[in-house]
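[1] pasting the sequence and the predicted model now:
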Amino acid sequence: NAVPGSIQSVVLARMDMLSPPDRQALQAASVLGQRFQLPELRALIGDDRYVCDELVTRFLLRPEGSGFLIVHALIRDGAYASLLQARRRGLHAKAADWFAGRDATLHAEHLDQAGDPRAPGAYLFAAEEQARAYRYERARRLVERGLALASTRANRFALARSHGEILRELGATAEAMTAYQQALDAADLEADKCRARTGLAGCLRMLDRYAEAFRLLDDAEVGTAVEGLDLELARIHHLRGNLHFPLGQIDFCQAEHARALEHARRAGSVELEARALGGIGDADYMRGHMRKARDHFSRCVE
């Protein structure tokens with residue numbers, strides 16, 4: 001948001017009273033946000049010995065915990081607005097370098113503000129990190145920003161597929177289908193088309209559209225046969241087993257989960273192995289084979 005002219009004039013007047021190092025430090029701090037840590041600021045200004053004493057004395061900053069707080073959002077916004085675009089982007093690029101390997105979300109956001117073409121991939125990485133921690137709403141915001149920036153088909157595919165997975169976890173099945181269709185439209189490789197179709201089939205299962213889901217899985221399996229992807233085959237057979245289950249086709253259900261288990265082990269995926277064992281346990285339970293079901297469920301939990 002634009003800072004009102006009267007406020008900007010006040011902020012600039014206060015900044016004019018600062019020495020050049022302190023003025024540059026306040027501007028760099030504004031790039032980091034209203035709260036920041038001293039090592040981050042030193043990295044941006046390139047001075048490992050800088051201290052914020054003068055800015056604190058002039059009531060522009062105040063210590064907060066282990067870091068500092070710009071005392072008012074309007075001061076932060078005014079200092080940020082005083083930066084020329086080239087200088088602002090350069091500081092965001094330095095901030096992105098600092099946060100790389102430290103904070104995936106801030107790394108992506110600073111690449112974005114720097115106009116760096118790596119930003120979409122960084123948003124994907126950050127979104128998947130949040131999704132692994134079950135913070136799906138945060139993951140959704142990150143992946144959607146990445147999609148808004150994506151300019152290559154590869155980026156659009158990866159982000160759209162991740163978007164579909166996040167939306168499915170949030171229970172937004174119709175939106176997830178749209179995202180998976182976007183991924184399919186952007187896919188060039190057979191393996192990527194397979195992944196998008198498997199995602200679509202998972203959404204159709206949630207909508208009880210079993211026949212369509214079976215057809216998509218058949219198409220997806222053709223792609224895996226070409227590429228020899230055990231991980232994707234494990235997902236396909238697991239999902240197909242889950243489609244047979246509500247139809248009462250227990251023999252087919254168990255056979256598909258057994259295939260899923262085989263491919264999961266080949267791929268070294270503990271998660272998919274656990275899912276397959278759970279599916280086999282379900283089939284045993286429905287057949288009344290309680291000891292076998294208990295054994296498979298126990299292995300699944302382990």
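    Perfect, thanks for sending it. Just so you know, these numbers come straight off a predicted model, no measurement behind them.
[2] and the residue lying farthest from the centre of the chain, what does it touch?
    Here the chain reaches farthest from its C-alpha mean at Met17, the gap being 43.1 Å by Cα atoms, centre = their mean. If you count contacts by Cβ atoms under 8 Å, 6 or more residues apart in numbering, Met17 has them with Arg58. No exception for glycine: its C-beta is placed from N, CA and C like everyone else's.
[3] test my guess that Ala119 contacts Leu147.
    No: using Cβ atoms under 8 Å, Ala119 is not in contact with Leu147, being 11.4 Å away.
[4] from Glu256, how far off is the residue farthest from the centre of the chain?
    From Met17 across to Glu256, the span is 73 Å (Cβ to Cβ, to the nearest Å).
[5] show me where pLDDT drops low in this protein?
    Applying pLDDT under 70 to the chain flags the ranges 1-3, 5, 225-228.
[6] host element of the spatially most central residue of it?
    Most central in the chain under Cα atoms, centre = their mean is Ala127, positioned 0.9 Å from the mean C-alpha point. In the assignment (DSSP states H and E), Ala127 maps to helix 119-132.
[7] for that helix, buried residues please.
    Using 16 or more other Cβ atoms under 10 Å as the test for burial, helix 119-132 gives 119-131.
[8] next: stretch 154-173.
    Buried positions in stretch 154-173, judged by neighbour count with 16+ other Cβ under 10 Å: 155-168, 172.
[9] please, where are all the strands along the stretch 1-150 of the chain?
    Ranges of strands in the stretch 1-150 of the chain, per DSSP state E, counting those that start in this stretch, are 35-36, 61-64, 67-70.
[10] name the strands paired with the last one and say parallel or antiparallel.
    Looking at strand 67-70 with DSSP bridges, its paired strands and their directions are strand 35-36 (antiparallel), strand 61-64 (antiparallel).
[11] what about Pro246, how many residues nearby?
    Close neighbours of Pro246, defined as other Cβ atoms under 10 Å, add up to 11.
[12] try the one 5 residues further on
    Residues near Asp251, counting by other Cβ under 10 Å, number 10.
[13] give me the element it is part of.
    If you go by DSSP H and E, Asp251 is part of helix 250-267.
[14] just the CA trace of that helix, in PDB.
    Only the C-alpha atoms of helix 250-267 are listed here, as PDB (Å, rounded to 0.1, in the frame of the first residue of the first chain):
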ATOM      1  CA  ILE A 250     -12.900 -57.900  -2.100                       C
ATOM      2  CA  ASP A 251     -10.800 -60.400  -4.200                       C
ATOM      3  CA  PHE A 252      -9.900 -57.600  -6.600                       C
ATOM      4  CA  CYS A 253      -9.300 -55.200  -3.700                       C
ATOM      5  CA  GLN A 254      -6.900 -57.500  -2.000                       C
ATOM      6  CA  ALA A 255      -5.000 -58.400  -5.200                       C
ATOM      7  CA  GLU A 256      -4.500 -54.700  -6.000                       C
ATOM      8  CA  HIS A 257      -3.300 -53.800  -2.600                       C
ATOM      9  CA  ALA A 258      -0.900 -56.800  -2.800                       C
ATOM     10  CA  ARG A 259       0.500 -55.300  -6.000                       C
ATOM     11  CA  ALA A 260       0.700 -51.900  -4.400                       C
ATOM     12  CA  LEU A 261       2.700 -53.400  -1.500                       C
ATOM     13  CA  GLU A 262       5.200 -55.000  -3.900                       C
ATOM     14  CA  HIS A 263       5.800 -51.800  -5.800                       C
ATOM     15  CA  ALA A 264       6.000 -49.700  -2.600                       C
ATOM     16  CA  ARG A 265       8.800 -52.000  -1.300                       C
ATOM     17  CA  ARG A 266      10.600 -51.700  -4.600                       C
ATOM     18  CA  ALA A 267      10.300 -48.000  -4.500                       C
END
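[15] no further questions, thank you.
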